[in-house]
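Participant: no sequence on this one, just coordinates:
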Ligand SMILES: C[S@@+](CC[C@H](N)C(=O)[O-])C[C@H]1O[C@@H](n2cnc3c(N)ncnc32)[C@H](O)[C@@H]1O
């Protein structure tokens, strides 16, 4: 069971640990949310799970109690040391590393384990979108159940023609079905965050599409100049023949070189550069 807010505060005091805002240290203190996360992820003893930012080990303990094998990466040296002392000795199925999830997005998961794994995490807010972008380059987890800020979740599900539609919406919607999640009140965390959070449930599509790194870079470039026409952004960056073929596809669907990146639907982006 997760610690209550007062027990969490006491533990942090005992450790001499001041929650760090820049590391998004808002610890889960609500048992229902922990249970719901495991339930949405369908965690069983047969699962291999990656966790980013185990913190005080709340989700980690629940995953281990369910019998899962867990790979976790924690950036905070003091919290990593606390988990090394308290959780690691009792749990041979926990593989904990100290590190940055931007360098180790899958917490050091070995390649032979990457064919079928899940991610369950209460993400540090500052890295949620760039980390997700890295994860979407593959290998892809079969399911992700993620606590993250509402605005990031809105970007993932955003539709063309809206302000929030961007490269991450395209990469996400090409690989995952976004299943109903849950709003999570700020009282479920200690300390309370000043932004809204949601629990997002992402199931891998039967035929997920992973964009090559070079294509991802070009798509990001198109959204960095949202107001510019695609023709003028891409003219010098993509071979003429490839571009003409894609623009012909866009024109057949009512778009073209004068369209802006945010107007082009996900399905047409999937045909870009292929
Ligand atoms: C929102 S807290 C979640 C803590 C815990 N999992 C829970 O649910 O209570 C985010 C955690 O991610 C860690 N963290 C922040 N940035 C990180 C990074 N770049 N790589 C790995 N861990 C990071 C923080 O130190 C913190 O423990």
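Facilitator: Happy to help now that I have it. In this text the structure is predicted, and so the values were computed from the model without any measurement.
Participant: and the gap between the closest residue to the ligand within the stretch 1-150 of the chain and residue 143?
Facilitator: Here the stretch 1-150 of the chain gets closest to the ligand at one residue, residue 53, 2.0 Å apart by Cβ to the nearest ligand atom. All C-beta atoms are positioned from the backbone trio N, CA, C, and that covers glycine. Residue 53 sits 18 Å away from residue 143, going by Cβ to Cβ, to the nearest Å.
Participant: just residue 168 next, same as before
Facilitator: Distance from residue 168 to residue 143, by Cβ to Cβ: 18 Å.
Participant: How about residue 242?
Facilitator: 34 Å.
Participant: can you tell me which residues contact the nearest residue to residue 109 once chain neighbours are set aside?
Facilitator: In this structure, residue 109 finds its nearest non-sequential neighbour in residue 71, 4.7 Å apart by Cβ to Cβ, 6 or more residues apart in numbering. When contacts are counted by Cβ atoms under 8 Å, 6 or more residues apart in numbering, residue 71 touches 48, 49, 50, 51, 95, 97, 106, 107, 108, 109, 113.
Participant: Buried among these? Make that a ChimeraX selection.
Facilitator: Of the contacts of residue 71, the buried ones go into a single ChimeraX selection, burial set by 16 or more other Cβ atoms under 10 Å:
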select :48,49,50,51,95,106,107,109
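Participant: which residues does the residue of the stretch 1-150 of the chain closest to the ligand contact?
Facilitator: Residue 53 neighbours (Cβ under 8 Å, 6+ apart): 23, 24, 73, 74, 75, 101, 121, 122, 123, 124.
Participant: One more pass at 10 Å, please.
Facilitator: Contacts of residue 53 were listed using Cβ atoms under 10 Å, 6 or more residues apart in numbering, and they are 23-25, 27, 59-60, 72-76, 79, 101, 107, 121-124, 127, 131.
Participant: ok, and which of the residues you listed reach the ligand?
Facilitator: Taking Cβ under 6 Å from any ligand atom as the test, the ligand is in contact with 23-25, 27, 59, 73-76, 79, 101, 122, 124, 127 out of the contacts of residue 53.
Participant: For the protein, what lies in contact range of the ligand?
Facilitator: 23-28, 52-56, 58-59, 73-76, 79, 100-102, 122, 124, 127.
Participant: Mind checking which of those residues are buried?
Facilitator: With burial judged by 16+ other Cβ under 10 Å, the buried subset of the residues of the chain next to the ligand is 23-28, 52-56, 58-59, 73-76, 79, 101, 122, 124, 127.
Participant: Show me where the stretch 151-274 of the chain has its strands.
Facilitator: 176-184, 189-190, 197-204 (DSSP state E, counting those that start in this stretch).
Participant: Please name every helix or strand in contact with the last one.
Facilitator: Contact here means 3 or more Cβ pairs under 10 Å, 6 or more residues apart in numbering; DSSP states H and E; on that basis strand 197-204 packs against helix 31-41, strand 118-122, helix 128-135, strand 143-149, helix 150-157, strand 176-184.
Participant: For the nearest residue to residue 93 once chain neighbours are set aside, the count of nearby residues, please.
Facilitator: Spatial nearest neighbour of residue 93, chain neighbours left out: residue 69 (4.4 Å); criterion: Cβ to Cβ, 6+ apart. Residue 69 has 19 neighbours, counted by other Cβ atoms under 10 Å.
Participant: ok, what's across the strand from residue 69?
Facilitator: residue 48 (DSSP bridges).
Participant: That one is in contact with residue 110, isn't it?
Facilitator: No: between residue 69 and residue 110 there is no contact under Cβ atoms under 10 Å: 11.0 Å.
Participant: Which neighbours do those two have in common?
Facilitator: Contacts common to residue 69 and residue 110, judged by Cβ under 10 Å, 6+ apart, are 48, 95.
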